[in-house]
Every structure is written in structure tokens, then in C-alpha cells.
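Novice: What follows is a predicted protein model with its sequence.
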Amino acid sequence: MLADLGTIGLMAALALAAFGLVAAAIGQRRNRPALIAGSHRALYAIAGVLTFCMVALAYAFLARDYSISFVARHSNRDMPAAYAFSALWGGQEGSLLLWVWLQSLYGALAVRTTRTALPQLAGSFAAIFHAILLFFSVTLVFAADPFSRLFPLPTDGGGLNPLLQHPLMVIHPPMLYLGFVGTSVPFAFALAALMHKRVDPLWIHLSRKWTLFCWMCLTTGIVLGGHWAYLELGWGGYWAWDPVENASFMPWLTMTAYFHSTMVQERRRLLAGWNVVLAILSYTLSVFGTFLTRSGVISSVHSFALSNIGPFFLGFVALTLVVAFGLFIVQFSKMKGPREEQIEHPVSRESAILINNLFLVSSTFVVLWGTIFPVLSEAFQGKKLSVGAPFFNSALAPVGLALLFLMGTAQVIPWRKASAGRLVRNLGIPVLAGAAAVAAAWRVTQHPTFSAGAGLSAFVAAGLLWDVAVSIRARRRLHGEATPDAFVGVFSRQRRRVGGFVSHVGIALIGLGIMGSLFNEEKEMRVEPGQTVSAGRYSLHFKEFVRDHQSGYFSYGALFDVENDGKALGQLRPERRLYPNQNDPTTEVGLLKGLGEDLYIVLADFDREGKWVVLKTFVKPLVSLVWLGWLVLLVGSMWAFMGRSLALSPRPTGTDR
Amino acid sequence: MSPRWIALAIAAAAILFLVYRGTEQGLVYYYTPTEIHALTGTDIEKRIRVGGLVEGGSLQRTEGSLLLKFRISDGAQAVDVLFSGAPPDLFQEGRGAIAEGQWKPEGVFEADNILVKHSEEYQPVYDASSGSKPPYREP
């Protein structure tokens, strides 16, 4: 019953999207506001219908309704309710439904909130969302119906991969999807602006919060995914340049470039065309990444089952690219609006942001190339090959350092033109702090790359502190405020500026954390009970071998007492687990987290009688900075998110240094 | 030439340089055992991958050390592989595996990394539609 309603709901969404597309297109062309309003209502109705479908599928999971094939394949009776619920996005059909549902919410809300601000574009804007929704609901109905029935009825379901039964896997996919799908909002704005030949930055102002919101979700999704890999996969890392990871990283790079270059358009009316291109790239890369990982074209440890949705997606990506860039080529030169200004001076904030953009987009192409090169090589040369982490690391490490430098510079140099005196005043202290950090890092590590990175990170952080200090002094002098009031004033009045600075410190921390991996120590050894082995500064005493048959799986674990310089740090118990219904064992790592370094141990192999085990140990300096940096980044970007858009704020342009 | 074109040219050159630099280190070609035996000249001693099935009965462990010896076969020919370390979770005789390392002129593949294809998606070992409760398996 419920399943039938679900399928009917999907078909209704398809029909509504088709109607909405036609109504919006005709309404826009013939200037019929009633039709446009109708298409908006169709969009809200789609959001309502798909919400019903989501609730129905979630209910089916919680009620263990195994008459629905998707539910039977991805959950079973033993699963706790939270995981039964998250199993909804543990497979192809359900996660696609999640995608479409989020798309309908984004579309409905974006249209609802902008219909009065941008009445001339309202029809085209809705038409774009309807077109996107039409494609996805066709895919759902014809190629991946999550409500398709199973007969005969099984008594129990297959269950969810135990690797995915983890709290982080409950939130990682929705976060990532909020990010991917959210790129459709700036994309739709950009496309609508192109259709109407509008170059003024109104659409940039209107899409700013959408863009930042989806960027924060994407960032969070990526970091949580990395954290999950670190905790659950047991290979000692959090990022492997796997195609699935790359697929999420590419739109992240272009989105990052996008919301930086839109600031240039807001402030200086420059780069209007470039912003349109970035918006188009971000959305198509999001969809293309989903295609890559779901079509089976590229083998990845994360691959979804081979399925027939590949051609649908490739067709959609190709169509989107052709339509969007076709429109761009035809319309952009005809765009009317305030005449584009030129960059006045190479040493200015806009030029630093432009260079930063070029680096970000170059990185995107490097990642794209490394990801699809194996496919191209096999198709055209007939040679199978793999592109490994060394390719990405060696190609992108210098870019990463350059980006840190530009980030620290762009945030403190003025718009238009930086005079020499201004440069020295704004950059002097941060450069000195950076140089001091280089010297300190060199003394400790003697590692050139790390020293450079540490120096650049300190340069970025000192930029924040120095800027806040200068602003406080200025407020004290101008308004006669006391220091604490001035401090609060700086943080609350200049939210976008301070939020940006704080986010940059977050990025610098993440960068430092990543560079900590230059000093990873990895060891592999055979240990017998009673033996003591060492890993870095730690000594590990193998106390006993533990077998356990509790809570639905078999576990084999090795209990270690961990000491550092004779000081007991506690016990670690890395395990191997074998779940019923599953062929492959899973790894439970033993992890001792610290701000300075993590001790990470894995049971790589063992004798079933417990006579010996093979232990893999990793000492990983600075990993915790990656997670810490993400928190700082999130706080900073939320702060910036709460700031006001320039056009909507009363302050005249040009007062911000 | 406008600054726009200069910027684009610099960006393009940077991409090409980065890709070239990365390619020097990051590309690893994949061969089957039959192709490995046909390798000549400069391809020997490059970093490559060899993939196939781990031959049944070929896996030898050395007592007291981490050394593994096994054969990877493509059905027609096979290569001897030496590997020191703990193989991945799913490494077993009769299953597919990929070894990464060097093909030595003396006819042994010295691997420093072993990869195993994960199952595409989680699949239960029993048929959900048959209605039977899955048996717990003691390995």
C-alpha cells in the first residue's frame, strides 16, 4: 500500500515537473504571470510530494517493510532504528531519492524567497529547477524506483554493510548531498541571468547565502567522510584520492573559487562572465561526480552496484554543459549592464583573488585529469593503468602552498591598488610572524616543505590577529570605545570580513594537519602475547588475545597496554570483526588521539588460536588539526554567513579596507 | 595581448607543468601475467601492477616473519610474487588481487603493496528472497 503510494508520488512529481517546465517557459515567453505563479506552485507541490515519498520510505525502513525490495536489500531486523533509518541512503535508489528531495526543497525555497526581488527572472528560474527535477524524477521512476516490490515476501532483510553502521555515516551522505544539490541554486541563478542578459550583480547578492550554505555542507560532508574513513577503514589515512573523494573535491574547489570571485563582482563589477562559468562548472561537476561513482565506469572502493542509471546521468551532464555553455557563448557578449571595469593594478585584492581562482580551477582540472585518465587511457590506448596518490600529491602540493600564500595576502591588501606604504603596514607583521614560524619549524624538523607550510599558516593566522588589533585601535580612536567594546564591535560589525579571516585560519590549520602526514611513522610487526614492542615514543605490551561473540558478530581482538616513558596511557584493543551475512571482515582500529599526534594501531593479521598477531602501527603527527581546522572553518563561515550582502546593506562601497 | 589572455596562458602552462610533474611519479601501468612475461627493455624495473587470481595452493607463509609468497595467474600464465607485510583483509587464495611493485629480471615480482577488489556493494551471502535465516559462520 505504502509502496504503491510512494511510486505514485514519484510519478506525480514527474508529471508536475513536466507541467511546471512548460508553464514556466510559456509564462516567461508570453509574459503570463498566472502561468509563472502556477509553475511556482507546481514546484512547491513537488517538494510536498517528495517529502511524502521520503517519509514513506523512512517509515518502511523503521517498520521493517520487506515487501519493498530496496528496504529488504539494505536493512534487517537486528539493526537499531537509527541505522535502519540511515539505510535509506545506504544504497542507490534511496540515496537518489534523497538527492531529488533535497533538489525540490532547494528549488522551492529559492524560488519562494526570490520571486519578489527578481520578478523578471522568476519564470526562467523556475523552469530551470523544473527541468532538473524532470530529469531526476524520470531516472527515479524508470531506472531506480526505491519503492519497487519484492515477491515472495522475505522474512528478514539483507542488512546494511557493517562499515556503514556508524554515526558519521548517518550524517555524512545528507551533508554531502546538501552540498552537491545546493550548487544547483547559483547555477540556476547564473543560467537565468544569462537567458535575460543581466550582468548586474543582483543575482550574486541573492544567491550569496545559498552558496555559502551549500559550501559549508559540502565541506562538512567531505571532512566527515574523511573522519569516517580514518576511524573505520583501518588503512591509517583519511584521504586516498579515490575517485569518489575526488568527485566531491572538484565541486568544492570550484565553489570555493566561485564565492571568492563573486566578491570581486559585488565590489568591483568585474569577472561577471567568469562567475557564470564557475557556477555552471560547480553544478555539472557535482552531477558528473555522481555519475562517475554510480555508473561503474570507474572502479572505486566506494562504488555503488553497477546499475543502468549511468547513461541517464552522462546524457544529463552532456546536455547541461551544451545548453549552459551554448547560452553563455550566445548571450554573454550581448549582456547589458554597467560596463565592465578593468583591474587597475596587479597588486590589489581583486587581482589576488583572480590568481587564487586560477589556482583553484587549475587544481580542479588536475584532479579531473587524474580521475578520468585511467578511463581515457583504456579507451584510447588500450592500456590499463592507475593514477595514484603520488600524482595528486606532487601536482597539488605546490598549488596548496601558493594558495595559502595568496589567502594570507588577499585578505589584508586593499581593493583597486595597494600602495607600498599600505603593503608594509598590512603585511609587515604577518610576514615577520611567518618568517619566525619558518625558522622555528626548520629548527625542529629540517623539512623544507613543512617549514614553508608552517610559515604560511602562521602568516595567515597573524593576518587575522593583526587585522583585528588594528581595527580595535581604530574603533577606540574613532568612537572612543573601550577595548572590550571595540573587540565586540569588530566581530559583530564586520561579520563577513572577520568570518572570512577565521575561515582562513581554519584552512591553514587543515593545511598544517595534512602536512603533518609528512612525518607519519608506519611499522608492521609480528607480536606474541607477553611481548612488548615500540612504535615511535610508545611502547605496546601485548596483554592478551580476546575473542568475543557478542552483539551479532565475532570479534578477534588484541589487548595492548600503552605506555610512554613509563607512564601508562591506557589500553587499546584493535579488532577484526566478522559479521554474519557478510564475507569480508571489518577492522576496528585502536586509536589514541592527541593534539600533537595520534597513535593508530591495526590488527593486520592473526592466528585464530591467538599465538601471534601482525600489528600495524601508525604514529601520525598533527592529524587532529584537520578536524580542529574544520571546526574553526565552520565557525568562521557561519559568522560570514550572518553578515549582510553589500547591495542590501546601507554602507557605501569602498569603506572596507 | 590583454592581461586576461596572459593570465589564461599562465594558468594553462601551470596545469600542464603540474600534470607532467605528477605523471612522472603517479602513473602505474597494469599488466596481466601473460603481458608481464612479454615485457622487455625499459619496462622492466618500472613500478607496475600485475593483477589476476591468487592461485589455489600457491600461498606460502614463512614462519616467524611477514614474508608471503604466492602466484598470480590469468589462466594462461602466472607470476611468482614476493611480498613482505600483512596483506589486506580480503586477500585469499582463489580471489582476485593486484600486486604493485617491480618485475625483476630474474622472474620474480617484488610487491610492496597488495590491493584487493572490494565487493561492489554489500551483498548478503544468502538469498534474501528465500526466507531462510542466514547461518552464522565461524571462520
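Specialist: Received it, and whenever you're ready, just let me know what you need. Computed from a prediction, not measured in an experiment: that's the story for all the values here. Residues are numbered from 1 along each chain as shown, chains lettered A, B, ... in the order given.

Novice: Outline the domain layout of chain A.
Specialist: Chain A is divided into the following domains under automatic domain parsing: A:1-160, A:161-388, A:389-518+A:628-648, A:520-624.

Novice: between these, which gets nearest to B:Leu68?
Specialist: B:Leu68 lies closest to domain A:520-624 among the domains of chain A, at 9.9 Å (C-beta to C-beta). For every residue, glycine as well, the C-beta is placed using N, CA and C.

Novice: Now do the same contact list for residue 18.
Specialist: Just going to use chain A. A:His130, A:Leu134 (C-beta atoms under 8 Å, 6 or more residues apart in numbering or on different chains).

Novice: wrong one, I was asking about chain B
Specialist: Here B:Leu18 is in contact with A:Ser362, A:Val366, A:Ala395, A:Leu396, A:Pro398, A:Val399 (C-beta under 8 Å, 6+ apart).

Novice: now do A:Phe641
Specialist: A:Lys209, A:Leu212, A:Phe213, A:Met216, A:Gly499.

Novice: Out of the residues you listed, which two sit at the greatest distance?
Specialist: Across those, the longest distance by C-beta to C-beta is 13.4 Å; it joins A:Phe213 and A:Gly499.

Novice: the more surrounded of the two?
Specialist: A:Gly499 (21 against 18; other C-beta atoms under 10 Å in any protein chain shown).

Novice: Check which helix or strand the more buried one maps to.
Specialist: Per DSSP states H and E: A:Gly499 is located in helix A:495-515.

Novice: Tell me which other helices or strands that helix touches.
Specialist: Helices and strands touching helix A:495-515, as assessed by 3 or more C-beta pairs under 8 Å, 6 or more residues apart in numbering or on different chains; DSSP states H and E, comprise helix A:389-410, helix A:448-479, helix A:623-641.

Novice: Just the closest residue of chain B to chain A, please.
Specialist: B:Gly26 (2.2 Å; C-beta to the nearest C-beta).

Novice: Any chance of the backbone angles for that residue?
Specialist: The phi/psi pair for B:Gly26 (degrees, to the nearest 10) reads phi -100, psi -10.

Novice: show me what contacts the nearest residue to it once chain neighbours are set aside?
Specialist: Distances taken as C-beta to C-beta, 6 or more residues apart in numbering or on different chains place A:Phe391 nearest to B:Gly26, at 2.2 Å, with adjacent residues excluded. A:Phe391 makes contacts with A:Trp241, A:Gly370, B:Gly22, B:Thr23, B:Gln25, B:Gly26, B:Leu27, as judged by C-beta under 8 Å, 6+ apart.

Novice: Can you tell me the SS state at the spatially most central residue of chain B?
Specialist: Closest residue to the average C-alpha location of chain B: B:Ile98 at 2.8 Å, with C-alpha atoms, centre = their mean. Following DSSP: H, G, I helix; E, B strand; the rest coil, we place B:Ile98 in the strand state.

Novice: from memory it sits against B:Ala111, does it?
Specialist: No. Using C-beta atoms under 8 Å, B:Ile98 makes no contact with B:Ala111, being 9.2 Å away.

Novice: so A:Asp156 sits in a helix?
Specialist: No. Looking at A:Asp156 with three-state DSSP, it is coil, so not inside a helix.

Novice: my guess is it contacts A:Tyr66, does it?
Specialist: Yes. Using C-beta under 8 Å, A:Asp156 is in contact with A:Tyr66, at 7.1 Å.

Novice: And those two? Which one has more around it.
Specialist: More crowded of A:Asp156 and A:Tyr66, by other C-beta under 10 Å: A:Tyr66, with 23 against 20.

Novice: which phi and psi does that one have?
Specialist: The phi/psi pair for A:Tyr66 (degrees, to the nearest 10) is phi -80, psi 10.

Novice: neighbours of the residue nearest to it when sequence neighbours are not counted, just the number please.
Specialist: Leaving out its chain neighbours, the residue that sits closest to A:Tyr66 by C-beta to C-beta, 6+ apart is A:Ala72, at 4.1 Å. For A:Ala72, the count of nearby residues is 25 (other C-beta under 10 Å).
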